[in-house]
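Q: Below are the sequence and a predicted model; questions follow.
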Amino acid sequence: MKTLKIMGVQYQINFVDDNTRTDCAMGRMDSKAAIININKSMPEDNQRVTLLHEVMHCLSEMLNLELTEKQIAGLSTGIFEVMEINQYYFQGM
């Protein structure tokens, strides 16, 4: 089982079949259950950016930032791109 600690809360990360979803979402977070589900049928990079996207939802909720879906989508994609292009600086951190 994979887990990720976000603001002191241990989230379970599940890679699930896409046929379990009817809304075409690539990921979903449940803050009450501390679970993040990621569609495992996507390419690995898409899974990683989706995980970052769901983490951004967690942070927005925990910090009461009230970020919109558009803001979260833009920030998660932008941050992922910076981290990918500049891997040297982010490896081992």
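A: Now that the structure is in, tell me what you want to look at.
Q: how far is the longest strand along the chain from where the chain is centred?
A: The single longest strand within the chain, with elements called by DSSP state E, is strand 9-16. Taking the mean of its C-alpha atoms, strand 9-16 sits 10 Å from the chain's own mean (C-alpha atoms, centre = their mean, to the nearest Å).
Q: try stretch 33-48
A: Distance, centroid of stretch 33-48 to centroid of chain: 7 Å (C-alpha atoms, centre = their mean).
Q: can you list contacts of the lowest-mean-pLDDT helix or strand in the chain?
A: Within the chain, no helix or strand scores below helix 87-90, which has a mean of 88 by mean pLDDT, DSSP states H and E. Residues from elsewhere that reach helix 87-90, judged by C-beta atoms under 8 Å, 6 or more residues apart in numbering: residue 83. Heads up, the C-betas are built off the backbone N, CA and C, glycines and all.
Q: repeat that with 10 Å
A: 82-84 (C-beta atoms under 10 Å, 6 or more residues apart in numbering).
Q: Could you verify my assumption that residue 18 touches residue 47?
A: No. Residue 18 lies out of contact with residue 47 (C-beta atoms under 10 Å); the separation is 11.4 Å.
Q: how near is residue 1 to residue 14?
A: Counting by C-beta to C-beta, to the nearest Å, the separation of residue 1 from residue 14 is 8 Å.
Q: who's more crowded, those two?
A: More neighbours surround residue 14 than the other of residue 1 and residue 14, with 14 against 5 (other C-beta atoms under 10 Å).
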